[in-house]
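[1] below are the sequence and a predicted model for it; my questions follow.
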Amino acid sequence: MGAEAKGSMKNKVNNMLGANPKDARLSLTLFAVAFIAFFLGGTLGLLQGLNRAGLLELPAWLNYYQILTAHGVLLVLVFSTTFTIGYFYAALSHTLGGLLPKVRKMGWIAFGLMVIGVVFATVTIVMGDASVMYSFYPPMAASPWFYVGLVFLVIGIWTSAFGAFINVADWRKKHKGKHIPLLAFFAVGVFVLLFFGSFGVTAEVLMIIPWAFGWTDTINVMLSRTLFWSFGHTLVNIWYLTAVSTWYVAVPRIIGGKLFSDSLARLVVIMLVVLNITGGFHHQIVDPGITESIKFMHVFMSLSIGFPSLMTAFAMFAVFERTGRRKGAKGLLGWFKVLPWGDVRFLAPVIAMFAFIPAGAGGIAQTNNQLNQVVHNSLWIVGHFHLTLGVTVVLSFFGVAYWLIPFLTKRVLTPAINKLGVIQTIIWTIGMIFMSGSMHMVGLIGSPRRTSYSTYGDNATALSWDPYLIFLAIGGTLLMIGVVLMVYIVFYLMFKAPKGETEFPLAESEDDAAPTPKWTERWTLWIVLMIIVVSMAYVIPVVDMIINAPPGSPPFRTW
């Protein structure tokens, strides 16, 4: 059988598999919660931006730090997590022939646990008892029920991860000697990181709960920060790996191209899993009590993640050029012109890719001790964060929504909604350029992060920040327009779009592609290597923080 016939057969099988209605319901429910959180978090972000620019006075019952906490929890934790799980459960269902009934049940249990956790956390924030921001550092203390909610959220994540592992293990047992489908391989990597990467924050929360209830008098602040960032650093790259999965698997198919290299894509996943968790100390580069050698190790590990990112950049631009050449493009950059820029399923993720160039460079700057001194705790950090999460990750998620939601609902992306999606993507991009760009610039001249509007007694330096903060507010307003448009589009694709068949875009390998090595499937080896690397980086400093603990701190409430 020829390569074209094989490809045709594979497409027919994929279309026959379609979406199991029971599996689709689970993913769509997760997406619904994700975009409700997205709308609420975006609205709070607008209020926050207008207040920070001095354009809006918040009512007495709603303070800046309250909405800052809610904004972070809803977008950083709720939106990103529920979307990621919904996306990968749909991917596992499609590529592995459906979710096992017990895995689907585990998915619903995980969903219920996460909803309980979000309710606990949200209620305490709304009541004004948890204005500690999403990073919830001690010695600031929220209501203990806020942390109880986080426990439910983590248990929900673990449950969904184990469901994915069970489904993949069952498929491997039934298909001995075969490679896990590439998108399922990405899912394994993400769920491995979600499970192992959350150990540190779980330990931290279990330390905080008795402290917040008043059962213990003090807490080890340095240890708490360290445990949080062992998770916080990993979480950023979990979002990134999720975005990368759609770049490798869906985007080539959407533009009429083929996968650059199945082996390279799997190596990228393996490298990110093995190298990822280590690196959290680069977020604590100015913290006292941590030796320079330990910080240097984490800085090196953080920088090492740049290698799979460079591999991804090479692979994606190679796919773009090859596809353009096949379509008859001539000259050095002729291929650039023939790419489907009017297709929002391509436009959104490709802008996300371009945004990761300055976003990744900013991340490298923050791992450098001298450069970090310039931007530490300034709005520059917030700008960087919005560039990585708000553009690279979020636009990739939007790109997925345009084809995955119609696939799950048995509907189609209409030309009108595609055009509206292009407009939404452009508005979102411009808004983020204004907001993130102004944050970067005003941070370089000293404007602090995590503070409400103040002129500091009409200090000349503080007054010089105002023009930049106005641009921040303009960007936030444009982003809110983008939020409303995207929520409308998601609602339309779920309930109003015409019925029809939508493809689940899975890129095929080149006809002359080399076979994928068997060693890529040795997940036990990769997990053991990851644990060894994490142990090298964390065991000695964490033990030292426990044995030679600094004076503990009682809880403080600063609002």
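    Yes, it's here.

[2] now do the strands in the stretch 301-450 of the chain.
    Applying DSSP state E, counting those that start in this stretch to the stretch 301-450 of the chain gives no strands.

[3] ugh, wrong one, the stretch 101-250 of the chain
    Counting by DSSP E, counting those that start in this stretch, the stretch 101-250 of the chain contains no strands.

[4] any low-confidence regions in it?
    Along the stretch 101-250 of the chain, the model assigns pLDDT under 70 to no residue.

[5] all helices of it, in order?
    101-126, 144-174, 182-197, 199-213, 221-249 (DSSP state H, counting those that start in this stretch).

[6] save those as CSV, and put in distance to F281 too.
    All C-beta spots, glycine's among them, are computed from the backbone N, C-alpha and C. Converted to CSV, the helices of the stretch 101-250 of the chain look like this (distance: least, C-beta to C-beta, whole Å):
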stretch, distance to F281
helix 101-126, 27
helix 144-174, 22
helix 182-197, 15
helix 199-213, 12
helix 221-249, 7
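
[7] compare those helices and give me the one nearest Y137.
    Evaluated over the helices of the stretch 101-250 of the chain, closeness to Y137 peaks at helix 221-249, with 6.0 Å, by C-beta to C-beta.

[8] of the helices of the stretch 101-250 of the chain, which is nearest V76?
    Taking the helices of the stretch 101-250 of the chain one by one with C-beta to C-beta, helix 221-249 is closest: 7.7 Å.

[9] which residues does A365 contact?
    L371, N372, V375 (C-beta atoms under 8 Å, 6 or more residues apart in numbering).

[10] where in the chain is the helix or strand with the lowest mean pLDDT?
    helix 3-17 (a mean of 45; mean pLDDT, DSSP states H and E).

[11] still on that earlier bit, got JSON lines for the contacts of A365, with distance to I109 too?
    Output for those, formatted as JSON lines (distance: C-beta to C-beta, whole Å):
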{"residue": "L371", "distance to I109": "45"}
{"residue": "N372", "distance to I109": "42"}
{"residue": "V375", "distance to I109": "42"}
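
[12] and which of the residues you listed is nearest to I180?
    Closest to I180, out of all of the contacts of A365 and judged by C-beta to C-beta, is N372, at 38.9 Å.

[13] any idea which helix or strand carries Y492?
    Secondary structure assignment for Y492, by DSSP states H and E: helix 466-495.

[14] hmm, I typed the wrong one, I wanted F88.
    Residue-wise, F88 maps onto helix 80-95 under DSSP H and E.

[15] circling back: turn the helices of the stretch 101-250 of the chain into CSV, columns for mean neighbour count and distance to W380.
    Listed next are the helices of the stretch 101-250 of the chain as CSV, based on neighbours: other C-beta atoms under 10 Å; distance: least, C-beta to C-beta, whole Å:
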stretch, mean neighbour count, distance to W380
helix 101-126, 19, 26
helix 144-174, 20, 28
helix 182-197, 24, 25
helix 199-213, 20, 25
helix 221-249, 23, 16
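
[16] out of these, which gets nearest to L469?
    helix 101-126 (24.5 Å).

[17] return the distance of the closest residue to S553 other than its chain neighbours relative to T558.
    The shortest distance from S553 to any non-neighbouring residue, by C-beta to C-beta, 6 or more residues apart in numbering, is to P139 (3.9 Å). For P139, the distance to T558 equals 9 Å [C-beta to C-beta, to the nearest Å].

[18] neighbour-wise, which of those two wins?
    P139 (16 against 9; other C-beta atoms under 10 Å).

[19] the more buried one touches R557, doesn't it?
    No - judged on C-beta atoms under 8 Å, P139 makes no contact with R557 at a distance of 9.8 Å.

[20] pretty sure D458 is in a helix, no?
    No - using DSSP: H, G, I helix; E, B strand; the rest coil, the assignment for D458 is coil, not a helix.

[21] for M271, which non-adjacent residue is closest in space?
    M271's closest residue in space is P308 (C-beta to C-beta, 6+ apart), at 4.4 Å.

[22] wait, I meant A355
    A355 sits nearest to V391 (C-beta to C-beta, 6+ apart), 3.9 Å away.

[23] what number of residues are in the vicinity of the one you found?
    Residues contacting V391 under the criterion other C-beta under 10 Å number 25.

[24] that one: what's it in contact with?
    V391 neighbours (C-beta under 8 Å, 6+ apart): I351, A352, A355, A359, W428, T429, M432, S436.

[25] just name the closest of these to P340, please.
    Comparing the contacts of V391 against P340 with C-beta to C-beta places I351 closest, at 13.4 Å.

[26] tell me how far L47 lies from S263.
    Remark: distance between L47 and S263 (C-beta to C-beta) = 48 Å.

[27] out of those two, which sits in the more crowded spot?
    Using other C-beta under 10 Å as the criterion, L47 and S263 rank with L47 on top: 19 against 16.

[28] just the buried positions in the helix or strand where that one lies, please.
    Element membership for L47 (DSSP H and E) is helix 21-52. Neighbour-count burial for helix 21-52, with 16 or more other C-beta atoms under 10 Å as criterion, is recorded at 23-24, 26-52.

[29] next up, phi/psi of the residue nearest to Q373 when sequence neighbours are not counted, please.
    Leaving out its chain neighbours, the residue that sits closest to Q373 by C-beta to C-beta, 6+ apart is V286, at 7.1 Å. Here is the backbone geometry of V286 (degrees, to the nearest 10): phi -100, psi 0.

[30] then P138?
    According to degrees, to the nearest 10, P138 has phi -70, psi 150.

[31] so how far is T291 from it?
    Taking C-beta to C-beta, one finds P138 at 22 Å from T291.

[32] repeat for A513
    Using C-beta to C-beta, we find A513 at a distance of 46 Å from T291.

[33] what does Y402 give?
    Relative to T291, and taking C-beta to C-beta, Y402 is found at 48 Å.

[34] these two: which has the busier surroundings?
    Y402 (25 against 12).

[35] hmm, the more buried one is touching F346, no?
    No - Y402 is not in contact with F346 according to C-beta under 8 Å; the separation is 9.6 Å.

[36] separation between S447 and E501?
    Going from S447 to E501 by C-beta to C-beta gives 51 Å.

[37] again with A361
    42 Å.

[38] and what of D511?
    Counting by C-beta to C-beta - D511 and E501 are separated by 27 Å.

[39] try I357
    I357 is 36 Å from E501, where distance means C-beta to C-beta.

[40] now L379
    Counting by C-beta to C-beta, the gap from L379 to E501 is 47 Å.

[41] between these two, who's got more neighbours?
    Using other C-beta under 10 Å, the more surrounded residue of L379 and E501 is L379, with 28 against 11.

[42] what number of residues lie near Y137?
    15.

[43] same deal with F504?
    Residues near F504, counting by other C-beta under 10 Å, number 22.

[44] same check, this time on W380
    W380 has 25 neighbours, counted by other C-beta under 10 Å.

[45] need the pLDDT of it.
    Listed pLDDT for W380 reads 95.

[46] wait, it touches I445, no?
    No - with contact defined as C-beta under 8 Å, W380 does not reach I445; the gap is 9.6 Å.
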